[in-house]
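> After the sequence you'll find the predicted model.
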Amino acid sequence: MKEQIEQIKNLAKEEVANAGDLQGLDAVRVKYLGKKGELTAVLRGMGALSPEERPIIGELVNKVRDELESLISSKETELEELALNKKLENEKIDITLPATKVKRGSKHPINRIIEELEDLFVSMGYDVVDGPELETDEYCFERLNLPKGHPARDMQDTFYITTEYLLRTQTSSVQARTMMANKEKSPIRVICPGKTYRRDDDATHSHQFGQIEGLVIDEGISLAHLKGTLEVFVKHMLGEDSRLRFRPSYFPFTEPSYEVDVSCFKCGGKGCNLCKQTGWIEILGSGMVHPNVLKMNGYDPEKYSGFAFGTGLDRLAMFKYGITDIRLLYANDVRFLNQFDRKDD
Amino acid sequence: MKLSTNFVKDYVDIDVDVKQLAEDMTSVGNEYDSAERMINATKLIVGEVKECEMHPDSDHLHICKVDIGSEILNIVCGAPNVRKGLKVIVAQTGAELPGGITIKKGMIRGQESNGMLCSMQELGLENKFLTDADKNGIHELPEDSKVGEDPIKLLELDDEVIDFELTANRGDLLSILGMAYEIGAIYDKPVKEMDVSYKENGENINDAFKLNIATDNCSIFLSKKVKNVTIKESPAFIKNRLMASGIRPINNVVDISNYVMLETGQPLHFYDADSLKGMLEVRMAKENEKLTTLDGIQRELSTDDIVISDGERAIGLAGVMGGLDTEIEDTTKNIVIEAAIFDSVKVRYTSKKILRSEASSRFEKGLDPNRTYLAINRACHMLEKYADAEIVGGIAVFDTTNKEDKKIDITFKKINDILGLDIPKESVLDAFRRLGFTYEVKEDVITVSVPTRRIDISIPEDLIEEVGRIYGVDNIEGKLPVMPLKTGSYDRVTRQIRNKMIDLGLNETLSYILVNDKEAKQFIKDEQAETLKLLDPLTEERNTLRASILPSLYKIYEYNTARNVKDVSIFEIGKSFYKAGENYIEERKLGALLSGDYYYGIGTDKKVDFYILKGIVEELMDYLGYAGRYSFVLPKALPEEFHPGQTAEINLNGQIIGIMGKVHPKKTSDDVFVVEINLDKLLEKKTGKMKYKEISKYPSVKKDLAMVVGKETTSETIEKQIKKSAGSLLTDVKVFDVYTGSNIEEGKKSMAYSLTFGAKDKTLTDEEINAILEKIIADLEKTLRSRT
């Protein structure tokens, strides 16, 4: 009997070792250890043994069973690992193939500038306001101290729809709207970015262009406040080293009026192509709100004063992103647009 | 305005480099374009041609020996008028001429040439100023010119010119006198008086000459008469100063009218007295009245044009151009001078229509009536001096103007409050003194007398600007206004829409709102078809305001495909315009266009189709909080640019807010999809706050349901019926398969839905769910004749 058990053990061991996969291994288990397995059969046949032999053989069978079970178990682990490795091997891919994704969108550079300026001024308590692009002569000109026949109207060649309706030539029209809309005639702090239109189209001018207007009205507002505010604005957009130069000028809606130059951010003021060797780049129009404008829009110029400024967004975008031709901003070439597909900085 | 510095030095003593002068003028608000010597050339010298022989190897070149005093130069010259004994302008070796030309020693066809004999053109004189002789050869200097001298000095062309770009309010600077006052204020120099002296004969103009001013559009009209003028060439200084100022010299009389206009800013007009009928009249033109102007063109006038007449016929367009009939000719003997001020708006209107002239640009900006008197007297002085005129006594006057200084009160405090500075009182008063304004001070109040020449100054703020200009504002210390702390507001939702569209993979564009009239009518329904046209477009390509963003986007699509960029997915938030009845409508819209591949990667179906665009719209709508409130409906009528079988209108709470679909194949063979949403209509629909909803503790159950229905039955109809039959225990229904083909009879399709059931308060039993399913199936069979 012992020999028989020993033989089963050896055969079983050999078959376990030869099992090529988990299925084969399981067959071996059933063959020897299953209910009808060979080792089980030995146990069943123990009834024929003497009572002295029974415990000895029983112990031997159990020992062999334990040994075989442990062998099968470790073989099982080994085969599982093999199978997994094979699966992994099969699933290996070329990680350098292109990704599957939706195209990436992009934000137009002028709207990037607008959002940046909005964030800056909103943080200083300014409200961003909007006004119609199809404006009336009244709000675009008359309420800004530019009556019909005023020679300064020539500065802004206008697209008229009718004698009264026009495409706004300047975001300044929103100044009058904001003042008129403020029924309490309380202090005002607004900026207005938007599209403007002039009958002018060449290499450096587009008939449609972006402007941003700023307006502050309160008691005791002075030119120094205008200068301080513009310093924050310009340094934020063009660099902390920027210096400003105020040149007296003329706009019908401000008095005094100033054009503002910024020290050239390319050469630092030494003179280069960008600043035409002058060291300065003209960037803003500004001034103290004309008392007639305050009066016409319901503010008492004896009590209130204010400043206003305006600048072109197209040029700011061109400066910031190094865009050399204004027409690129409006051509909407996808190869151009795609370049503005990430966060700034 | 071109300023001759020689000219202005007649009235103010300055000795400043021309660039410095230009910069200093800029710092007080007068920008300039250029500041240069009138003749921008170096190393020029007067020479005499001592010998002149034909070049042996040329049929037109001459070999000259030119004496320049210090030496005799060998120079080869090609000018036809070069000859022995001629005094010439020699550009020596190393001379720099306009246009970046440098004269070098050289060989011309084997002959040494050590310089160049110059024409006026080569010295940079504009073509319109060249005499016939100067057009055809080198300049011939007067015989008595001294060899070795500076020819530019000799010709009195040693002038420097600054080309100013003046602001619209400073009409006073369109005169040498005005410039002198401005320069005098900068350098603190007095302005010299103008010589207006002349002798009068015993006659009086008013004896045989009348004025009739028959319109309010003329505030002052002065006339003087002069007799027996000699018409000839002007002296060099007059010609040169006119040329430096950009005006072509003609003869002494015409030149004097221009010269005095330049000096005083007051345009003058000279009439041939013998062609007048003894009177001058100012009136509005009659409708369709004809007048032939100096340039020989017959003009048809309207009642908005001011004309001068001699009582019988129009003889000049006031402030713009004289008439041909009464112009000064070589034979003219007697002259009537007109010095007048016409309404600036009327002159502007007429000149815009007919011609911008030196005169009209001055009238448009307004004139000083004191200058009107000054100018007419100055003209008499000059005519007596340079045209041998005999001045008739008296002056014909019509004058309604106020010639007093303007008195404006301002306080020191106001000046400092507005400028945000602390300027000492003496500095404020010094600024006024330099500007030539007199003043009286009483405590804090300064009463400033502003001379009539400064028509731009009328309110205290104008004086503040003057102080700022002269004192200089560069020293202002910038500071921020102190205002209450608050957060500013901005249009968040537009940004959210923009960012969402970008996240969905679209490129934001910025297009022109002006399109051509054909494009303006595309992609819109008929009720919006009254598009808005410009009265005066720049080009016919951009003559109308778009009524939809889609034509702009379609143009961008075409632009890109023409450049071989086929994958276009773009959007824009912008305005569009139309007229409804009497109202001008401006609407804010979101437009998008997709074509080509939408996805990247391999093994993916990448092409844009209707459902990708629909997904983008749904993503946006759901993100904005409109989930469950909108549907896509078949349009009753649609713009012809849309594919009739692949277009939907977007209905939000019963209102159509947009349209989406495929572009009609007759417009393009490519698959192009567009959507436009009216943001004004969309955003006026409020959305609720985002709020947490309890998640059911009880499991939900999924059941699939397939049926065969007619091909025309829309999924939405089926879904609606399922929801209606199921009641509240159905929490979700989704179509997951649509099939036509084998096993499905013609005209039918198989639709498969996944239904989710659940309740908040219990686990649903099979019996409950089966009962609902049976009801759904029965209802579908009844209403849609479906088979399950």
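Arrived safely, thanks for sending.
> Please report how far the closest residue to chain A within the stretch 51-200 of chain B lies from B:Asp57.
Residue nearest to chain A within the stretch 51-200 of chain B (C-beta to the nearest C-beta): B:Thr167, separated by 3.4 Å. Yep, even glycine has a C-beta here, placed from its N, CA and C like the rest. Separation of B:Thr167 from B:Asp57 (C-beta to C-beta, to the nearest Å): 59 Å.
> How about B:Gly628?
On the measure of C-beta to C-beta, B:Gly628 and B:Asp57 end up 97 Å apart.
> So the two - more neighbours on which side?
Comparing B:Gly628 with B:Asp57 by other C-beta atoms under 10 Å in any protein chain shown, the one with more neighbours is B:Asp57, at 10 against 7.
> What residue in chain B comes nearest to chain A?
Of all residues in chain B, B:Gly420 sits closest to chain A, with a separation of 2.7 Å (C-beta to the nearest C-beta).
> Please, where are all the helices along chain A?
Taking DSSP state H as the criterion, chain A contains helices spanning A:2-18, A:22-33, A:38-44, A:53-90, A:109-123, A:137-140, A:173-181, A:223-238, A:291-296, A:313-321, A:328-331, A:334-337.
> Which strands or helices does the third one pack on?
Just to be clear, that refers to helix A:38-44. helix A:2-18, helix A:22-33, helix A:53-90 (3 or more C-beta pairs under 8 Å, 6 or more residues apart in numbering or on different chains; DSSP states H and E).
> same thing with the longest one?
The criterion is 3+ C-beta pairs under 8 Å, 6+ apart, and the helices and strands that helix A:53-90 contacts are helix A:2-18, helix A:22-33, helix A:38-44.
> Dump the helices of chain A into a markdown table; add mean neighbour count as well.
Listed next are the helices of chain A as a markdown table, based on neighbours: other C-beta atoms under 10 Å in any protein chain shown:
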| stretch | mean neighbour count |
| --- | --- |
| helix A:2-18 | 14 |
| helix A:22-33 | 17 |
| helix A:38-44 | 16 |
| helix A:53-90 | 13 |
| helix A:109-123 | 19 |
| helix A:137-140 | 20 |
| helix A:173-181 | 22 |
| helix A:223-238 | 21 |
| helix A:291-296 | 19 |
| helix A:313-321 | 20 |
| helix A:328-331 | 18 |
| helix A:334-337 | 19 |
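> Now tell me which of the ones you listed the model trusts least on average.
Mean pLDDT values for the helices of chain A show the minimum at helix A:38-44, a mean of 80.
> Close to chain B: what parts of the stretch 1-150 of chain A are there?
Selection of the stretch 1-150 of chain A residues close to chain B by C-beta under 8 Å from any C-beta of the partner chain yields A:97-108, A:110-111, A:115, A:118, A:121-128, A:130, A:132-134, A:148-149.
> can you tell me which of these are in strands?
A:Lys101, A:Val102, A:Asp127, A:Val128, A:Leu134 (DSSP state E).
> mind listing what the fourth one touches?
In this structure, A:Val128 makes contact with A:Glu118, A:Phe121, A:Val122, A:Val190, A:Ile191, A:Cys192, A:Pro193, B:Gly488, B:Ser489, B:Tyr490, B:Asp491, judged by C-beta atoms under 8 Å, 6 or more residues apart in numbering or on different chains.
> per-domain residue ranges of the chain.
Using chain A. As recorded under automatic domain parsing, the domains making up chain A are A:2-90, A:109-340.
> wrong one, chain B
With automatic domain parsing serving as the domain definition, the record reports that chain B contains domains spanning B:2-38+B:160-187, B:44-154, B:200-399, B:406-471, B:492-683, B:701-784.
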